[in-house]
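Participant: after the sequence you'll find the predicted model.
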Amino acid sequence: MVFRRWWFVRLLTVPQEQTDRRGPRRTRAARQRAERERRELVLGEWEVLRDRLARLAAQRVTAAGELFRAAELRLSAEETTGSTQSAARAGYLWALETFEAAGRLLEQAEDPHTDLPGLAAAVVLAEQAVERLAAAHALLAGHRPEQPTVRCFYNPLHGPALPAATAPRPGKKQRQRPTHGAREAAADRRPACRSCRNAILAGQTPDVLPALLPAGATDWDSGPRLVPYYTVPQQWSAWSATACGAYDPDAPALVLRGDHHRHPPR
């Protein structure tokens, strides 16, 4: 899912002193009109992205529900005495809890406080539930389950993150010039999909998942404004530090307790 279009909003948020230098001094009414138009554009773009992401979340949660009905894992207490069976049962129960949490987030899609990261979290949790369901079946069948997907930090709706650049093997002849510069270090700082990693290596901004910072959220900004989701303070967002729950195994329990309800002041 691509969100590149939202970056155009930055062009509409040039500080007033810069705009005043480009032409005659604006009247107060003209500045208010320009600010009103900017707000409408930001909120309009946010609504488009929100509707699109809500549809994606509904698709992923529905698909996960169909898989759970088709591949239900039936384990009695007597069947879970071994370590493998116990691990399969624990994984299956976590998958069920995660699927329930994804559904809970989807139910809140119409809540005016539900932002893009919350809907992205519904997608992430639904897909993680399916992964863990498959792992539980593999364990019960005596197979080694696949490793969980490491998601792109910049946008957890992207493809899986690439591994960080590997260190040179001992004894391998080294080049004279450094092979790990500032951009490579920046690309390795957080898990990134191929597209986002390539953007960072090229000195560009990755295609991040945005979040809405509403008017009044800060003293220095009139808002509303679309910002990278991970820049929202953690006291305002349960998802900013965990890639929308992708890096937090306790995210399902957090949702089921209702502790994910955080939002900037409006």
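Facilitator: Here it is on my side, so go on.
Participant: which helix runs longest in this structure?
Facilitator: helix 28-70 (DSSP state H).
Participant: can you give me the angle the next helix or strand after it makes with helix 28-70?
Facilitator: Next along the chain after helix 28-70, taking DSSP states H and E as the criterion, comes helix 83-107. Counting by axes from the mean of the first three to the mean of the last three CA atoms, to 10 degrees, helix 83-107 lies at 140 degrees to helix 28-70.
Participant: buried ones in helix 83-107, by neighbour count?
Facilitator: 85, 87-89, 91-92, 94-99, 101-106 (16 or more other CB atoms under 10 Å). For every residue, glycine as well, the C-beta is placed using N, CA and C.
Participant: for stretch 226-233, same thing?
Facilitator: 226, 227, 229, 230, 232.
Participant: farthest pair within those?
Facilitator: Using CB to CB, the two most remote members of those are 226 and 230, lying 13.1 Å apart.
Participant: next, residue 204: phi, psi?
Facilitator: Per-residue torsions, residue 204: phi -110, psi 170 (degrees, to the nearest 10).
Participant: residue ranges with poor pLDDT in this structure?
Facilitator: Residue ranges of the chain with pLDDT under 70: 1-26, 75-82, 164-180, 218-222, 266.
Participant: try it again with 90
Facilitator: Scanning the chain for pLDDT under 90 picks out 1-39, 72-87, 112-113, 140-142, 159, 163-182, 186-187, 214-224, 262-266.
Participant: hang on, residue 212 is in a helix, isn't it?
Facilitator: No. Remark: residue 212 does not belong to a helix; assigned using DSSP: H, G, I helix; E, B strand; the rest coil, it is strand.
Participant: now distance to residue 55 too, for the buried residues of stretch 226-233, in TSV please.
Facilitator: Formatted as TSV, the buried residues of stretch 226-233 follow (distance: CB to CB, whole Å):
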residue	distance to residue 55
226	19
227	23
229	19
230	24
232	23
